[in-house]
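Asker: I'll drop the sequence and a predicted model, then ask my questions.
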Amino acid sequence: MGENDPPAAEAPFSFRSLFGLDDLKISPVAPDADAVAAQILSLLPLKFFPIIVIGIIALILALAIGLGIHFDCSGKYKCRSTFKCIELTARCDGVSDCRDGEDEYRCVRVSGQNAVLQVFTAATWRTVCAEDWKSHHATVACAQLGFPSYVSSDTLRVDLLEEQFREDFVSINHLLPDDKVTALHHSVYVREGCTSGHVITLKCSACGLRTGSSPRIVGGNTSSLAQWPWQASLQFQGYHLCGGSVITPLWVVTAAHCVYDLYLPKSWTIQVGLVSLLDSPAPSHLVEKIIYHSKYKPKRLGNDIALMKLAGPVTFNEMTQPVCLPNSEENFPDGKLCWTSGWGATEDGGDASPVLNHAAVPLISNKVCNHRDVYGGIISPSMLCAGYLKGGVDSCQGDSWRGTIPEGRGPHPQEGKSVPEGQWGRWWMQHHPCAHPFCGPPALLSGARK
């Protein structure tokens, strides 16, 4: 530059100049994308590559840390719809902190073998004391559980409770008038103990009742009418495919593998109150909706459970009754005798039975069933084992369905249910049989409570 030349103006900063792109020519004709990419890379100074790489790594690390913090809800409640974490004290506090208000659902439950009433408040489940309890409160509690009313409500001594229900208590706020008690968990206060020494037990459904009888003979028996009044025949395009259990006038529970790839409701009908599949006068019920467990995976054993909603309610009578579902935190001991029923084959590889059969099977500990010579560690805590290690009847022999079905469809090896005889002379469906590829080991039952 000459002495008399005017000083050169400093070029303004731009990202184009930073990355050496000022010489990049723009053609009036749409360029080839690969050619442009190659030209940009050729002009990009090598000295900036380390900076770019470090920046990308830092961004990935920041996202990973952020996602880790976002999805880690240890000690908190996770909103399933948004993965948002909220404090446990915010659950069931009357304020919807999750987007769909899910933190205000499931705030009441019936627990344990005695069906004690519990509410979730102050970050934990608490047993309801008998003080100031009224019939209106029982109606409200059952309504929160999805029932129109209650069947019975009673009291139980605290010292008769299972240990896990003796630690945290609440009582009804007696200052609230009945018309203000619309949600039980909003109408209680925390107590260290029950001054009356009693807690509330609650029954919301007249379930698990039957008039038929059954001799306790292991090995398979033909059933009679009304003996298993909750047993349902699930029929796909007119063919019996699986068994199910009636749990309410509108809902039947079955195995997810029965409906997973056959999910069109209009293809299904359900018959109840029958023994023979050949000449049954039982009316057919149309299906409105099918819901299988969101975590069920075909060819796997877990979460093998589904619900079918009927288009119209079943009329309960001597032939048709609902089975009880187990209470929260209720466990049945190893060796407990259960019953499995269905139209399954009575021998391995045989055809389906045209008449309903039943058999008694004992519960087996998951530890035993997880032995390498039985199921080899694939049994999860939400599953249950029943049957005989040395052969005999299990829900594969006694409940599997291997009959003729529409061409192109292979039957699954399980159907029916296992129910232990419970308190008050009622029957509970503890678990529902799930699919497994063997008929030798004891049958696997997928948890109805999970």
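Answerer: Yep, it's here.

Asker: where are the low-confidence patches of the stretch 351-450 of the chain?
Answerer: Low-confidence segments of the stretch 351-450 of the chain, defined by pLDDT under 70, are located at 391-450.

Asker: quick one: contacts of the helix or strand hosting residue 109?
Answerer: For residue 109, the host element (DSSP states H and E) is strand 108-111. Contacts with strand 108-111, where a contact means C-beta atoms under 8 Å, 6 or more residues apart in numbering, come from 116-120, 125, 127, 141, 144-145, 165, 184-185, 202-204, 327-330. Yep, even glycine has a C-beta here, placed from its N, CA and C like the rest.

Asker: Can you flag the buried ones in those residues?
Answerer: Restricting the contacts of strand 108-111 to buried positions leaves 116-120, 125, 127, 141, 144-145, 165, 184-185, 202-204, 327, 329-330, with burial counted as 16 or more other C-beta atoms under 10 Å.

Asker: Sort out which of the residues you listed are in strands and list them.
Answerer: Mapping these onto strands (DSSP state E) picks out 116, 117, 118, 119, 120, 125, 127, 202, 203.

Asker: Could you single out the nearest of these to residue 76?
Answerer: Lowest distance from residue 76 to these (C-beta to C-beta) belongs to residue 120, with 14.2 Å.

Asker: List the beta-bridge partners for that closest one.
Answerer: Here residue 120 shows beta-bridge partners residue 125, assigned using DSSP bridges.

Asker: How about the contacts made by it?
Answerer: With contact taken as C-beta under 8 Å, 6+ apart, residue 120 is in contact with 91, 92, 106, 107, 108, 109, 126, 185.

Asker: and those, which two are the farthest apart?
Answerer: Between all members of the contacts of residue 120, the longest pairwise span (C-beta to C-beta) is found for 106 and 126 and amounts to 14.4 Å.

Asker: Neighbour count: those two, which is higher?
Answerer: For residue 106 against residue 126, the residue with the higher neighbour count under other C-beta atoms under 10 Å is residue 126, and the figures read 22 against 13.

Asker: Report the contact partners of the more buried one.
Answerer: Residue 126 touches 118, 119, 120, 168, 169, 170, 188, 190, counting by C-beta under 8 Å, 6+ apart.

Asker: With residue 192 instead?
Answerer: Here residue 192 is in contact with residue 169 (C-beta under 8 Å, 6+ apart).

Asker: where does it land on pLDDT?
Answerer: pLDDT, the model's per-residue confidence, is 94 for residue 192.

Asker: Residue 240 is in contact with residue 280, correct?
Answerer: No: the pair formed by residue 280 and residue 240 falls short of the contact definition of C-beta atoms under 8 Å, at 10.1 Å.

Asker: Neighbour count: these two, which is higher?
Answerer: For residue 280 and residue 240, the more surrounded residue by other C-beta under 10 Å is residue 240, and the numbers stand at 21 against 13.

Asker: gap between the more buried one and residue 355?
Answerer: Counting by C-beta to C-beta, to the nearest Å, the separation of residue 240 from residue 355 is 12 Å.

Asker: Could you tell me which residues touch both of these two?
Answerer: Contact criterion C-beta under 8 Å, 6+ apart; residues shared by residue 240 and residue 355: 277, 343.

Asker: Can you name the residues in contact with stretch 85-95?
Answerer: Residues outside stretch 85-95 that contact it (C-beta under 8 Å, 6+ apart) are 70, 72-73, 75-79, 97-98, 103-104, 107, 119-124, 183, 185-186.

Asker: What subset of these is buried?
Answerer: By the neighbour-count criterion of 16+ other C-beta under 10 Å, these include these buried positions: 76-79, 97-98, 103-104, 107, 119-123, 183, 185-186.

Asker: Give me the below-cutoff pLDDT ranges for the stretch 151-300 of the chain.
Answerer: Confidence mapping of the stretch 151-300 of the chain against pLDDT under 70 gives the ranges 211-220.

Asker: quick one: the helices in it?
Answerer: Under the criterion DSSP state H, counting those that start in this stretch, the stretch 151-300 of the chain carries helices at the ranges 256-259.

Asker: picking up where we left off before, make a markdown table out of the ones in strands among the buried ones among the contacts of strand 108-111 and add distance to residue 231.
Answerer: Output for these, formatted as a markdown table (distance: C-beta to C-beta, whole Å):
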| residue | distance to residue 231 |
| --- | --- |
| 116 | 30 |
| 117 | 30 |
| 118 | 31 |
| 119 | 34 |
| 120 | 34 |
| 125 | 33 |
| 127 | 35 |
| 202 | 27 |
| 203 | 22 |
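
Asker: among those residues, which two are most distant?
Answerer: Of all pairs drawn from these, the widest gap by C-beta to C-beta lies between 120 and 203 and measures 20.2 Å.

Asker: For stretch 236-251, measure first residue to last.
Answerer: Stretch 236-251 has an end-to-end distance of 17 Å (C-alpha to C-alpha, to the nearest Å).

Asker: so how far is that stretch from its chain's centroid?
Answerer: 18 Å (C-alpha atoms, centre = their mean, to the nearest Å).

Asker: mind listing what's buried in it?
Answerer: In terms of neighbour count (16+ other C-beta under 10 Å), stretch 236-251 has its buried residues at 236, 240, 241, 242, 243, 244, 245, 246, 247, 248, 250, 251.

Asker: how many other residues sit next to residue 298?
Answerer: If we define neighbours as other C-beta under 10 Å, then residue 298 has 10 of them.

Asker: same deal with residue 286?
Answerer: The burial metric for residue 286, expressed as a neighbour count using other C-beta under 10 Å, is 12.

Asker: Pairing partners for it in the sheet, please.
Answerer: Where residue 286 sits in a bridge, its partners, by DSSP bridges, are residue 269.

Asker: State the distance from the residue nearest to residue 166 when sequence neighbours are not counted to residue 152.
Answerer: In this structure, residue 166 finds its nearest non-sequential neighbour in residue 158, 6.1 Å apart by C-beta to C-beta, 6 or more residues apart in numbering. Counting by C-beta to C-beta, the separation of residue 158 from residue 152 is 20 Å.

Asker: Are we agreed that residue 139 is in a strand?
Answerer: No: checked against DSSP: H, G, I helix; E, B strand; the rest coil, residue 139 lies outside a strand; its state is helix.

Asker: Let me know whether it touches residue 151 as I believe.
Answerer: No: contact between residue 139 and residue 151 fails when scored by C-beta under 8 Å: they sit 10.9 Å apart.

Asker: For residue 129, which residues are in contact?
Answerer: Under the contact definition (C-beta under 8 Å, 6+ apart), the residues listed for residue 129 are 169, 170, 171, 172, 191, 194, 195, 196, 198, 199, 200.

Asker: picking up where we left off before, which one's more surrounded, residue 139 and residue 151?
Answerer: Counted by other C-beta under 10 Å, residue 139 and residue 151 do not tie: residue 139 has more neighbours, with 18 against 13.
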